[in-house]
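# Sequence first, predicted coordinates after that:
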Amino acid sequence: MTRDKNKKKPPAVQQEKLNPRELNTEENKHSNHPLLDTASAEIKKYLHDLIEEFKDVLLIQVRQDIKKLIKEMTSPAQENTDGRTEEIRKEREASEEEFKHNLEYMKQIQREYQETQNSIEYWQNALTETKDNLLKLEERFRAYERERKSLLKITRNQKEAILKLEDDKKIHNLRIKNVSEEAGTSKNEIQKIFTEILKQNFPRIAKRNDIQIKEAYRTPATYNQNRSTPRHIIIEIPEIHQKNRILKAARERMQVTYNGKSIKITADLSTQTLKSRREWGEIFQVLKEKNMQPKFIYPSKLSLKINEEIRYFQDKEELWEFVATNPTLQRALKDITEKERKRYQDYSYSGREASVNGADHGMRE
C-alpha cells in the first residue's frame, strides 16, 4: 500500500537502553524524568498519527466486511422471500380464479333465482286466472243447476198436467179385473155384473140403490183370442163420491169376489200413472212397514206421515232430495236396495245431463 510506503518512522530517541525492571524501578523512582516525558509524548503522537492513517482503511474494510456479512446473512432470506413471493403469487392467482368462478356461480344463481321468481309470478298469475275461471265455472254450474231444476220442475208440471188430463178423463171410472168374458160383454150385461158384485160384496151400498152407471164396457174394445186373461171392465159413475165410496169399501174388504172367483176393483188410471205408482212399490211397502201411513194421492203422488206432519212427493227424485236432509227417513229407508238407489242416480244424472245440455244450448242461443 502507498500508505505503508510513506509510513513515517518514529523519531529516534536519544536515550540509554534501560532494562525494563530497571526502567520500572527508575520510573518508580524518577517518574517525572524529562527524557521519559519526551519519549511518551513522541510515542503518543506516533500512535495518534498511525491511528488517523489507518482509520479510513479500517472503516472501508469494516464496511466491506459488514456488507459481505449482510449479504451472506440476507442471501438465504432473499431466496426464501423469492420462493414465498412466488407461492403467494400462485395463491393469489388461485384465489382470483376461485373468486371469478364463485362470482360466475353467483351470477348463475342470481339468473336462476330471477327465472324462478318469474316462473313463480307466472304460475301465481295462472293460478289466479284459474281460480277466476273456476269461480266463473261454478257460477255457470249453479246457473245450469238452477236452470236444470227449473226445467225439471217445468217438465214435471207439464208431465203432471198431461197425466192429469188423461186421468181426468177417467176420474169417474172404476176398473174391474178378472171377470171372465163368458159373464158378458155388452153394456147391459156388464151393468148386471157390476150390480151383482155390489150385492155380493157391498150389500150396504147395494141397498141404497143410488149408484148410477153412465157407461159400461170392456177394454180394449176388440177381444184377442190369444189373450190369456179376460179384458178389464170399465164402469163410469157420474158421481165421484160414489166411486170413491166403492173403492174405500173394496180396500177395507181386502178380497172382492164374483161368483166365488177373486176379482179386483181399482180406480181407472192412465198407463203412465199406473207405471208411476208401480215405481213407488218397494218404497211404499217399506214406509208401510215403518207405520208412516203412505198413500197415493190421485193420480200418483205419494203422501206419508213423518214427525206428525204429512208430506207429499210427486216423484222419487223429490223424495230422495228430502231424504238427504231427514235422518228419520234415512233410517227408515236404509233397507232400500242399492239397485233402487242406483236406478234413481242414473235417472237423476241422465236428467241432469240433458237439462244442462239444454240450458247450455239455450244460453248459447
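Nice, I can see it.

# Okay, and residue 153 sits in which element?
Assessed by DSSP states H and E, residue 153 sits inside helix 34-168.

# Quickly run through the sheet partners of the helix or strand just after that helix, with directions.
Beyond helix 34-168 in the direction of the C-terminus, DSSP H and E gives the next helix or strand as strand 173-177. Partners of strand 173-177 in the sheet, by DSSP bridges, are strand 232-236 (antiparallel), strand 261-267 (antiparallel).

# what sits up against the next helix or strand after the last one?
Pointing back at strand 261-267 there. Counting by DSSP H and E, the next helix or strand C-terminal to strand 261-267 is helix 271-279. Contacts to helix 271-279, defined as Cβ atoms under 8 Å, 6 or more residues apart in numbering, come from residues 163, 166, 167, 269, 296, 299, 300, 315, 316. C-betas here are computed from N, CA, C, even on glycine.

# tell me the angle helix 271-279 makes with helix 34-168.
Angle, helix 271-279 to helix 34-168, by axes from the mean of the first three to the mean of the last three Cα atoms, to 10 degrees: 130 degrees.

# Can you name every helix or strand that the next helix or strand after helix 271-279 contacts?
Using DSSP H and E, the next helix or strand after helix 271-279 towards the C-terminus is helix 281-289. Where contact means 3 or more Cβ pairs under 8 Å, 6 or more residues apart in numbering; DSSP states H and E, helix 281-289 is packed against strand 301-306.

# for the strand it packs on, packing partners?
In terms of contacts (3+ Cβ pairs under 8 Å, 6+ apart), strand 301-306 is packed against helix 281-289, strand 295-297, strand 309-313.

# nearest to residue 151, of the ones you listed?
Residue 151 lies closest to strand 309-313 among the helices and strands packed on strand 301-306, at 19.1 Å (Cβ to Cβ).

# Go ahead and produce PDB holding the CA coordinates of that closest one.
C-alpha atoms of strand 309-313 as PDB (Å, rounded to 0.1, in the frame of the first residue of the first chain):
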ATOM      1  CA  GLU A 309    -146.500 -33.900   9.500                       C
ATOM      2  CA  ILE A 310    -148.000 -35.000   6.200                       C
ATOM      3  CA  ARG A 311    -145.500 -34.700   3.300                       C
ATOM      4  CA  TYR A 312    -146.300 -35.100  -0.400                       C
ATOM      5  CA  PHE A 313    -143.900 -36.200  -3.200                       C
END
